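Peer 1: Below are the sequence and a predicted model for it; my questions follow.
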Amino acid sequence: MKFARREFLHLAGAAATTPILSHSALALDYPTRPVRLIVPFAPAGPTDVFARVLAQKLSERLGKQFYVENIPGAGGNIGTGRAAQAAPDGYSLLVVGVTYAINPSLFEKVPYDPYKSFEPIIDAVTNTLVLTVNPSVPAQTVSELVALVRANPGKYSYASTGTGTVAHLAGELFRLSLGLDLVHVPFNGAGPAITSTLAGHTPISFTGATPVVPHALQGTLRALAVTSEARLPVLPDVPTMAEAGYPDIQGENWTVLLTPTGTSTEIIAFLNREIINVLTTPDIRERLTALGYEPVAASTPHDSATLIRTEMSKWGKVIRDAGIKAE
C-alpha cells in the first residue's frame with residue numbers, strides 16, 4: 001500500500017525563522033506557561049529525539065518552555081493513556097509514533113480510543129525503516145537475501161525493536177508476502193536489536209533509520225533497502241524496497257502530535273502553523289535529515305487523521321495474518 005509523499009514547504013520568509021511571539025499567539029494568549037510534550041517511550045528513541053529537537057525550537061520561538069516528559073511502558077500505552085486523561089487546554093501534548101495505530105489491534109484493550117481520545121495537530125516527520133544485514137551475510141541485494149533465506153529455511157533470523165512494533169510488522173510483511181521461513185527475534189528497542197545484528201547473532205534486522213545510519217555509513221552494517229517511497233537523503237545509494245523489486249513492502253515510523261479531544265481549534269491551528277515554521281527552518285530541516293528523519297511540513301490535522309485511519313487498517317491486517325499477540 002502506497003501513500004502519497006507530501007513535499008516540503010521550502011519557506012524562507014521571516015515567519016519561518018523569527019524567534020518571537022506571533023500576533024496569533026498574542027491574540028490567543030497562548031502559551032502562558034510551560035507546555036508538556038508527553039513521549040510514551042524511553043529516552044533516546046526516534047520519537048524522543050524528534051520531540052526534544054521540536055521542544056527546544058518551540059521554546060525559542062514562543063518564549064515559553066516546551067519540555068519532554070517520558071512515560072514509557074506497555075508499548076506506549078501507559079503514556080498515551082496518561083495523555084488521554086490530561087486537560088484539553090493545549091498544555092499537554094502527545095508525541096507518538098505508529099504504535100498509536102498498531103496497539104488497538106495488538107492488545108486486547110488499550111487505555112485510549114484512537115478515534116475519540118485525541119485531536120490530531122500534525123503528522124510531523126517520518127523515519128523510514130532500513131533492512132540491514134551483518135557484513136558476513138553473503139547477500140548484496142534484497143533479491144540475493146531472499147534467495148539465501150529460501151535456500152536455508154529456518155536458518156536465518158531477523159531482529160526488531162520489539163513485538164508489535166512497526167519494525168516487527170514490516171519484517172512480518174516481508175516474511176509473509178514472500179513466503180519465507182525467517183525467525184523473528186524481538187528486542188527491547190533499536191539499540192539492542194542493532195547490537196545483536198552487529199555481533200551476527202541475528203544477522204538480519206529491520207530497524208528505524210536514525211540509529212542505523214552511522215553503522216551503514218561506516219560499513220559495520222550493510223543496508224540493503226529502505227521501506228519508504230523515496231530514498232533516504234543521508235543514504236542515497238540504498239534503494240527503496242520498490243526499486244529492489246518488492247513494492248508491497250513499505251512502512252514508516254511516522255511521528256504525530258496529538259492533543260486531548262476538546263482542545264480549541266484555534267490552539268490546534270496555531271500549533272500546526274508553528275510546528276510547520278519549525279520544520280521549514282533550514283537548520284532544523286538539515287539537522288533532522290542528517291538524523292534520518294523526513295519532515296512532512298505540509299501536513300494538516302485532517303491529513304494526520306487520515307494517516308492514522310489508513311495505518312490502523314494496514315497494520316491490523318498484518319497482525320491478524322501473522323497471528324501476532326502482545327507479550
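Peer 2: That came through, no problem. Here the structure is a predicted model, which means the values were calculated and not measured. Numbers count the residues shown, from 1 in each chain.

Peer 1: Just list the residues touching residue 191, thanks.
Peer 2: Shown in contact with residue 191 (CB atoms under 8 Å, 6 or more residues apart in numbering): 44, 211. Where you see a C-beta, it was placed from the backbone N, CA and C, and this is true even at glycine.

Peer 1: so what pLDDT did it get?
Peer 2: Per-residue confidence (pLDDT) for residue 191: 81.

Peer 1: ok, and for the helix or strand containing it, which residues are buried?
Peer 2: In this structure, residue 191 sits in helix 190-199 according to DSSP states H and E. Buried residues in helix 190-199, counted by 16 or more other CB atoms under 10 Å: 190, 193-194, 196-198.

Peer 1: just checking, next helix/strand downstream of it?
Peer 2: Counting by DSSP H and E, the next helix or strand C-terminal to helix 190-199 is strand 204-208.

Peer 1: re the thing from before, tell me the angle the helix holding residue 191 makes with strand 204-208.
Peer 2: Relative orientation of helix 190-199 versus strand 204-208 (axes from the mean of the first three to the mean of the last three CA atoms, to 10 degrees): 150 degrees.

Peer 1: from the middle of its chain, how far away would helix 190-199 be?
Peer 2: Taking CA atoms, centre = their mean, to the nearest Å, one finds the center of helix 190-199 at 19 Å from the center of the full chain.

Peer 1: Now do stretch 313-327, average pLDDT.
Peer 2: If you average the pLDDT over stretch 313-327, you get 87.

Peer 1: Check which residues of that stretch are buried.
Peer 2: 314-316, 318-319, 322, 324.

Peer 1: could I get those as a markdown table with distance to residue 257 and secondary structure?
Peer 2: What follows is these, written out as a markdown table (distance: CB to CB, whole Å; DSSP: H, G, I helix; E, B strand; the rest coil):
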| residue | distance to residue 257 | secondary structure |
| --- | --- | --- |
| 314 | 21 | helix |
| 315 | 20 | helix |
| 316 | 23 | helix |
| 318 | 25 | helix |
| 319 | 25 | helix |
| 322 | 30 | helix |
| 324 | 27 | coil |
